[in-house]
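**Student:** whatever this is, show me its structure:
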Amino acid sequence: MIDQPEPQGRAGAGRPPSYRTRYAIIFVVFALLFTATALFAFRHADSVSRASLADAYQHGQGVILLNDSSAQLYRVRQGLHDLMIEPSAAARLELDAAAEQLNDVLMSLAEHNEQSSNRDMGTITQALCNDAGNLATNIGELVSFRYKTEQGTAPGQLQRENEATDLGFLRRQINPLLRQMQRRLDMLHAASQAQARRQVDILAGLSRGLGVILFAALGLMLLFGLIGFISLDRLILRPIRTLAMNLQENVNGSVGTPIRPTAVSETRELVNAFTEMQAQVRRREQELDYLAHHDALTGLPNRTLFRRRLAEAIESARQHDMLVGLLFMDLDRFKQINDSYGHSAGDQMLVEISRRLVKVFRQEDLIARLGGDEFAVLLEHLHDRGEMSRLATKALSAIQRPYEFGGNIFYSGASMGIAVAPDDSVDPDQLIQQADAAMYAAKQEEGSSFRYVSKELTAGAAAQHLLENELREAVREHHLELHFQPVLATADGHVHCYESLLRWPHAEQGMLRPASFMDALTDAGLCSIISDWALDRIQASRPTPDAVLSINLSARLLHDEAFAQRLFDRLDQGRLVAGQLILEITEDTLETDLRAATRVLHELKRRGVRIALDDFGTGQASLSHLRRFPFDYIKIDQSFIAGIGNIRNDEKLIQAIVRLAHALDMEVVAEGVEADVQREFLHAEGCDYIQGYLVGRPSASD
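**Tutor:** Numbering: from 1, shown residues only. Below you'll find the model as predicted:
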């Protein structure tokens with residue numbers, strides 16, 4: 001599972017640094033480092049470039065001066081040579097000019113070299129200047145003292161005094177000085193060349209340094225990119241991938257990969273948010289799973305969970321050779337309690353029954369509410385049925401204890417059916433169905449008791465199931481028929497109306513009356529379909545064109561707004577003639593949703609349909625029904641008619657019913673009249689109409 005997020009304290013306390021902050025700090029540091037390196041390299045290159053340019057300029061000037069010095073020294077030598085070969089004033093002037101220019105150039109060279117950083121060149125240049133001074137002195141001496149201007153010589157010509165002496169002076173004084181100056185100039189040339197090579201080396205070193213700086217910057221950029229990628233992958237991408245994998249694993253239903261807390265706030269917040277979301281999703285899933293498998297009122301497991309646990313228990317019992325007991329119970333008189341004390345009282349009673357059942361049964365037993373007032377208990381790890389019977393008896397005793405709500409004390413009971421696996425079945429649905437059938441058998445016998453599934457009960461349930469399937473087939477294939485029985489006026493014997501009666505021509509059992517298949521019809525949920533079919537059928541099947549027909553409807557259908565609307569539509573569209581229609585409502589079906597039935601019956605009465613209360617005297621709250629509903633007829637049940645001439649109390653009840661109906665402006669129909677004595681008694685008591693085998697049997701319209 002994913003690690004739960006650490007509890008957060010004060011805002012910012014223990015908060016991990018942001019990845020953006022880390023990245024910004026590293027970026028700023030590297031940016032400053034790159035900027036400082038670039039600035040240093042620029043300044044260094046600029047200063048070196050400026051110094052190199054200055055040195056190059058100085059070197060160029062020095063080379064020029066050196067070349068000029070060499071040229072002037074050469075002129076001096078040439079001037080001395082010319083003077084020695086042909087002494088003349090022009091040669092002397094040329095020599096003096098060369099010597100003077102040599103001195104000027106050397107002075108300029110000396111000034112130039114004083115600005116140079118090379119002290120040796122300055123020293124040599126100073127020595128050259130000194131040598132130039134000595135040379136000028138010696139040349140002056142040579143010219144001034146060795147050559148005289150004589151009378152009689154040609155203009156511009158000098159008279160040499162002593163050639164041998166001049167040559168000796170030249171060799172001893174001047175030539176060594178010239179050679180020394182030449183050597184010094186050569187030394188300056190060599191130094192200048194060495195300085196030029198140094199400048200080239202400096203520039204080459206600068207280029208190499210800049211290249212190294214560029215490669216270093218590139219390396220730092222690559223390193224920064226690598227560090228950034230590793231940091232991004234470790235701090236952000238990996239947690240995101242883990243989150244994605246965890247989400248996919250959760251989608252697939254497996255446990256997610258644990259996610260460790262990260263070192264940056266963004267991913268930690270994402271992980272915490274995902275973890276919290278996942279925790280909430282799990283809580284909601286648990287809540288939804290609980291709601292999907294438990295009853296909202298009592299908190300007990302519902303039918304879905306009960307069936308699943310029952311299937312597991314049957315499989316486990318098969319492997320360990322054990323018995324599984326299924327107790328299916330339905331409360332007695334629960335509907336009356338609900339109607340009398342309200343639904344809140346019924347809900348409280350269901351909650352209290354749940355508590356009592358939890359106390360009665362073992363911890364390993366599963367108690368479930370299947371719906372309404374139906375409960376089921378799953379008993380496991382049993383070896384015989386005796387323990388099931390003891391637990392069933394204790395449960396019934398607990399349910400029969402009194403209940404209190406709103407100051408009222410009321411009682412209830414339960415009927416219970418018990419099915420045992422694997423004896424009765426190993427199919428969960430079939431086992432529930434068998435226990436349900438056993439419960440109904442217990443309820444029909446005496447109530448507040450339990451009954452085990454038996455072969456007879458199973459056979460009856462199978463026959464009922466087969467009958468239901470055959471009935472569905474008969475409805476689908478339109479095999480059902482309508483038969484009509486006349487209702488005669490007691491006074492003159494004329495036909496007042498015909499009652500429409502449903503018949504089923506069964507292939508094996510012959511013509512079946514509704515009493516033999518009405519329960520199956522109700523259980524199959526086909527009452528609405530059959531009633532619609534009968535309403536559409538009677539108009540075309542009436543025995544005579546002007547015959548008034550009555551048809552039995554369950555009051556429960558009047559609670560169905562869709563069915564009631566279809567009935568109104570038939571009347572509005574003329575498919576049913578209101579004046580030729582009598583609806584017979586069975587008394588015991590009026591017990592639920594009286595307001596809906598009252599509204600529909602009054603609307604039918606307003607449209608001209610007559611209403612009859614069928615089987616009067618066999619249901620509950622009959623007087624209340626007479627006061628509330630707009631009945632036109634009261635039909636006395638045939639069980640009272642059968643007592644005429646034999647049971648005095650039945651005759652008194654008939655007399656009372658006739659007088660009561662007439663007092664309420666209602667007419668009376670006696671059902672089941674089969675003897676003349678019955679007809680005579682009813683005529684004497686003022687009964688309006690009679691119906692029975694004495695006056696006519698039901699038959700098809702043809």
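**Student:** contacts, neighbours, all on C-alpha from now
**Tutor:** Fine.
**Student:** any idea how far residue 273 is from the most centrally placed residue in the chain?
**Tutor:** Central residue of the chain (C-alpha atoms, centre = their mean): residue 281, 8.4 Å from the mean position. For residue 281, the distance to residue 273 equals 12 Å [C-alpha to C-alpha, to the nearest Å].
**Student:** so what's the residue count around residue 228?
**Tutor:** Using other C-alpha atoms under 10 Å, residue 228 is surrounded by 15 other residues.
**Student:** that should have said residue 245, apologies.
**Tutor:** Residue 245 - counted by other C-alpha under 10 Å - has 14 other residues nearby.
**Student:** how is this protein carved up into domains?
**Tutor:** Domain assignment for the chain, taken from automatic domain parsing, gives 21-221, 294-453, 470-700.
**Student:** so which of those domains gets nearest residue 234?
**Tutor:** domain 21-221 (13.5 Å; C-alpha to C-alpha).
**Student:** picking that back up, would you turn the domains of the chain into a markdown table with mean neighbour count?
**Tutor:** Below are these laid out as a markdown table (neighbours: other C-alpha atoms under 10 Å):
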| stretch | mean neighbour count |
| --- | --- |
| domain 21-221 | 16 |
| domain 294-453 | 18 |
| domain 470-700 | 17 |
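**Student:** hang on, the earlier thing: what about the residue nearest to the centre of the chain, which SS state?
**Tutor:** Here residue 281 is recorded as helix under DSSP: H, G, I helix; E, B strand; the rest coil.
**Student:** make a markdown table out of the domains of the chain and add distance to residue 288.
**Tutor:** Formatted as a markdown table, the domains of the chain follow (distance: least, C-alpha to C-alpha, whole Å):
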| stretch | distance to residue 288 |
| --- | --- |
| domain 21-221 | 43 |
| domain 294-453 | 10 |
| domain 470-700 | 31 |
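**Student:** out of the ones you listed, which gets nearest to residue 269?
**Tutor:** So among these, domain 21-221 is nearest, using C-alpha to C-alpha, at 15.1 Å.
**Student:** quick check: mean pLDDT across that closest one?
**Tutor:** The average of the pLDDT scores along domain 21-221 is 72.
**Student:** same deal with stretch 581-597?
**Tutor:** For stretch 581-597, mean pLDDT rounds to 73.
**Student:** gap between the two ends of it?
**Tutor:** One end of stretch 581-597 sits 18 Å from the other (C-alpha to C-alpha).
**Student:** for the stretch 551-700 of the chain, what spans make up the strands?
**Tutor:** Counting by DSSP state E, counting those that start in this stretch, the stretch 551-700 of the chain has strands at residues 581-586, 610-616, 633-636, 667-670, 689-690, 699-700.
**Student:** next, the angle from the first one to strand 610-616.
**Tutor:** The one in question is strand 581-586. 30 degrees (axes from the mean of the first three to the mean of the last three C-alpha atoms, to 10 degrees).
**Student:** show me what strand 581-586 is packed up against.
**Tutor:** strand 549-553, strand 610-616 (3 or more C-alpha pairs under 8 Å, 6 or more residues apart in numbering; DSSP states H and E).
**Student:** who does the shortest one pair up with?
**Tutor:** This means strand 549-553. strand 495-506 (parallel), strand 581-586 (parallel) (DSSP bridges).
**Student:** how far off centre is it?
**Tutor:** How far strand 549-553 lies from its chain's middle: 56 Å, per C-alpha atoms, centre = their mean, to the nearest Å.
**Student:** just how off-centre is the helix ranked longest in the chain within its chain?
**Tutor:** Under DSSP state H, the helix in the chain containing the largest number of residues is helix 19-85. Here helix 19-85 is found 73 Å from its chain centre; the criterion is C-alpha atoms, centre = their mean.
**Student:** could you point out which element follows that helix?
**Tutor:** Remark: after helix 19-85, the chain's next helix or strand is helix 89-115, criterion DSSP states H and E.
**Student:** packing partners for that next one?
**Tutor:** Using 3+ C-alpha pairs under 8 Å, 6+ apart: helix 89-115 touches helix 19-85, helix 119-146.
**Student:** to residue 239, which of those lies closest?
**Tutor:** Short answer: helix 19-85, nearest of those by C-alpha to C-alpha, at 13.2 Å.
**Student:** and the angle for that closest one with helix 119-146?
**Tutor:** Going by the same axes, to 10 degrees, helix 19-85 makes 10 degrees with helix 119-146.
**Student:** elements contacting helix 19-85?
**Tutor:** If contacts are counted by 3+ C-alpha pairs under 8 Å, 6+ apart, helix 19-85 sits against helix 89-115, helix 175-232.
**Student:** would JSON lines of these with distance to residue 454 be doable?
**Tutor:** Shown next, in JSON lines, are those (distance: least, C-alpha to C-alpha, whole Å):
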{"stretch": "helix 89-115", "distance to residue 454": "133"}
{"stretch": "helix 175-232", "distance to residue 454": "74"}
